[in-house]
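S.K.: quick one: sequence and predicted model below, then my questions.
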Amino acid sequence: MNRGTLRTGLRAAASLAAVSLFLVAGCSSTGTTAGTSSSKAANLAITFLPKNLGNAYFDTSDKGGKKAIDELGGKYAEVGPAAAAPDAQVQYINTLTQQGVGGIVVSANDKAAICDALTAAMDAKIKVVTYDSDTNPECRNLFINQATADGIAKVEVDMIAKQIGDSGEIAILSASANATNQNAWIDLMKTQLASSHPNIKLVDTVYGNDDDQTSFDKTAGLLSAHPNLKGIISPTTVGITAAARYLSTSSAKGKVFLTGLGTPNQMRQYVKDGTVTEFALWNPADLGYLAAYASAALIKGDITGKTGDTFTAGTLGKFTVGANNTVLLGDPYKFNKDNIDQFNF
Amino acid sequence: MSTVSTEVVKTYSDYGRPLWRRILFTREMAIVVLLIVVLVVASIQLPRFATAITVTNLLLDVTPILLISLTMAPVMITGDIDLSVGSMVGLSSVVVGLLTHSGWSIPSAGLVAILVGAVGGMVNGLLVTRFGLPALAVTIGTLALYRGMAIGLLGTTAITGFDRTWTQLAKSKIGDTGIPSVMILFLILLAIFVVLLHFTSFGRGVYAIGLSKDAAAFSGIHVARTRVILFILSGAMSALAGVFYTLRFTTARGDNATGLELAVIAAVVLGGVSVFGGRGALHGVVAGVLLIGALSNALRLAGVTSDVINIITGVLLVLSVIAGSLMQWIQSRRVRPVTTTASA
């Protein structure tokens, strides 16, 4: 009987001991960070909540946010889930509301799922700014839009026109035939080509389905089907990378120009070896920087987020709130061999 | 160690420990105590922890896990496992979304989703019992299958805009307590499963199957039927969790609750259910779920990042399993010499 008691007692004690270790571990980290949230005057504690952590795109954008908040003398923080899931974002928004931060800058994993949590945050006088990916408009004060369809179409047409000398045959390598945003951009590009570049002829549009191998094969197909092709526009990061890889080893390198939307890390080697002269995307660092300034302007009460409000975002200059409480970052950013090494995403 | 030789007539209860010791000195109670310790320490250390808001958020966050753990525990006690629960939450969410989108009311759509869950669970159960396949392999397959169906049905879009009365109900609280109303549903289900598992012959059969399927079968327990019933309950409960998930987040997506199965299994194992079957109790399981929930909530509030929170809960789980095995090893070391002298 005694032995039995001893055994169970030991068992319970050991489990307890094992777990109390954790508590100690947990508490020590608690102690070091608990103070971060307790700011009182003009609460410039602004927290970035990206779709997920460990994502080079958001690392870059949030670094831009940190730079802005440092300039403003505020308190920057970044939290987020390991995987891009809406429920995990809700947990973080709820926590930030409890901590009483001044502003939340969030890239939504789902338009509706995080809405209630954001509304609760706004009820608690927290300013909510979305960037990169918006929620339903009633769930945030401002959305910082990285680019408009018009802006994207224009920059791509302008780049290809410059590269091929404003005349000749071009083709488009898109994602899938029913991708809404791709088709909207392609339609706008056609309109702009017709109105401003009469000597450029769009001879083909092919779809690589945002698959590397398919895009690669479609590029090969384009070159054999159109021997006079002078340029390819690929408004998808997967497509432009595959097309660049094909061109870089083909005889068409240097004769057929390629541009579109890409990321610096994927395109770096093709810009350096001369396959690609220039491509575009927005600058995530500027996006984060602008979002942080917008958040601060809301917190200080300089703006309320209504259409027509204006504020200054540090080195980026002056911005005006447009329709649907949206601020546009500006024209897409062009990457070429002179600036590509400043970016890592 | 040498007292065994004395010949005294003992009744059965003499061999057992007093009731209060049997209840207090257990793995389950260790987790309950640890949960209380976490709550107390967090309340002292974190000024914003001991609030009604924490109660609301914490309980709403763990509700799907709490619900599914009620069925995962008996499934694991029989020695099976159901890895398809997270995918079933997603599939149920999509079913609710599609049906309400085409004009169904939330209750009828929810019932259909739960039916779909029960059928999905039955598929798991029949594959495991009729074909003698390991539950681990079968449910890894249906994990992919049900998730694939969910995403296939809805694509990458999301259905939103549910009847506000129901989405509000999913998030409503009981008065000023901060306790979500959905806890009433959970407590009713908990009571049912406590009775089922701990106070019925069906429940004793569950433990018997986990200890030895052959022995259980020879004792007149319907082994296959019991296992299938548990898989059906597991599927239906996951679907119920899916309905709640959809209403709470007001969005039906094919990728809802991806990876939830691991959160459930981690909490159930932490709560003292053996992965080899045969042991576990629901108070430990509920405490396990709440412990992981409270710990991550407190750590988030303290500004600890998600990767570190994952590391801490992971180490907690591993240590708890090690502590359990270590105790068993110590026990076996202590018991063996006694039995040999007794038989000699």
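M.R.: Noted; the coordinates are in hand. Numbering: from 1, shown residues only, chains lettered A, B, ... in the order given.
S.K.: which SSE is immediately downstream of the helix or strand where A:V271 lies?
M.R.: Taking DSSP states H and E as the definition, A:V271 sits inside helix A:264-272. Counting by DSSP H and E, the element after helix A:264-272 in chain order, helix or strand, is strand A:278-281.
S.K.: now do the next helix or strand after that next one: which elements does it pack against?
M.R.: Counting by DSSP H and E, the element after strand A:278-281 in chain order, helix or strand, is helix A:284-300. Here helix A:284-300 touches strand A:45-49, helix A:56-72, strand A:103-106, strand A:127-131, strand A:142-145, strand A:310-312, going by 3 or more Cβ pairs under 8 Å, 6 or more residues apart in numbering or on different chains; DSSP states H and E. Using the backbone N, CA and C atoms, a C-beta is placed for each residue, glycine as well.
S.K.: residue 201: neighbour count?
M.R.: Since you didn't name a chain, this refers to chain A. Around A:K201 there are 14 other residues, counting by other Cβ atoms under 10 Å in any protein chain shown.
S.K.: you answered for a different chain; I wanted chain B.
M.R.: Neighbour count of B:S201, defined by other Cβ under 10 Å: 10.
S.K.: need the contact list for it.
M.R.: By Cβ atoms under 8 Å, 6 or more residues apart in numbering or on different chains, the contact list for B:S201 is empty.
S.K.: distance check, it against chain A.
M.R.: Here B:S201 is placed at a distance of 27 Å from chain A (Cβ to the nearest Cβ, to the nearest Å).
S.K.: chain B: which of the helices and strands packed on helix A:284-300 is closest?
M.R.: For these, proximity to chain B was assessed by Cβ to the nearest Cβ; strand A:45-49 is nearest, at 9.7 Å.
S.K.: between the closest one and helix A:56-72, how big is the angle?
M.R.: Here strand A:45-49 points in a direction 170 degrees away from that of helix A:56-72 (axes from the mean of the first three to the mean of the last three Cα atoms, to 10 degrees).
S.K.: is strand A:45-49 up against chain B anywhere?
M.R.: No: Strand A:45-49 lies apart from chain B when judged by Cβ under 8 Å from any Cβ of the partner chain; the minimum separation is 9.7 Å.
S.K.: dump the C-alpha coordinates for that strand into CSV.
M.R.: Provided in CSV are the C-alpha atoms of strand A:45-49 (Å, rounded to 0.1, in the frame of the first residue of the first chain):
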residue,chain,number,x,y,z
ALA,A,45,3.1,51.8,-30.3
ILE,A,46,2.4,50.4,-33.8
THR,A,47,2.5,46.7,-34.4
PHE,A,48,2.8,45.1,-37.8
LEU,A,49,0.9,41.9,-38.3
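S.K.: partners of that strand in the sheet?
M.R.: The strands that strand A:45-49 pairs with in its sheet are strand A:75-78 (parallel), strand A:103-106 (parallel) (by DSSP bridges).
S.K.: could you tell me the angle between it and strand A:127-131?
M.R.: Counting by the same axes, to 10 degrees, strand A:45-49 lies at 40 degrees to strand A:127-131.
S.K.: avg pLDDT for strand A:45-49?
M.R.: Mean pLDDT, strand A:45-49: 96.
S.K.: again, but for stretch A:143-151
M.R.: Mean pLDDT, stretch A:143-151: 92.
S.K.: same check, this time on stretch A:303-321
M.R.: Here stretch A:303-321 scores 93 as its mean pLDDT.
S.K.: done for today, thanks.
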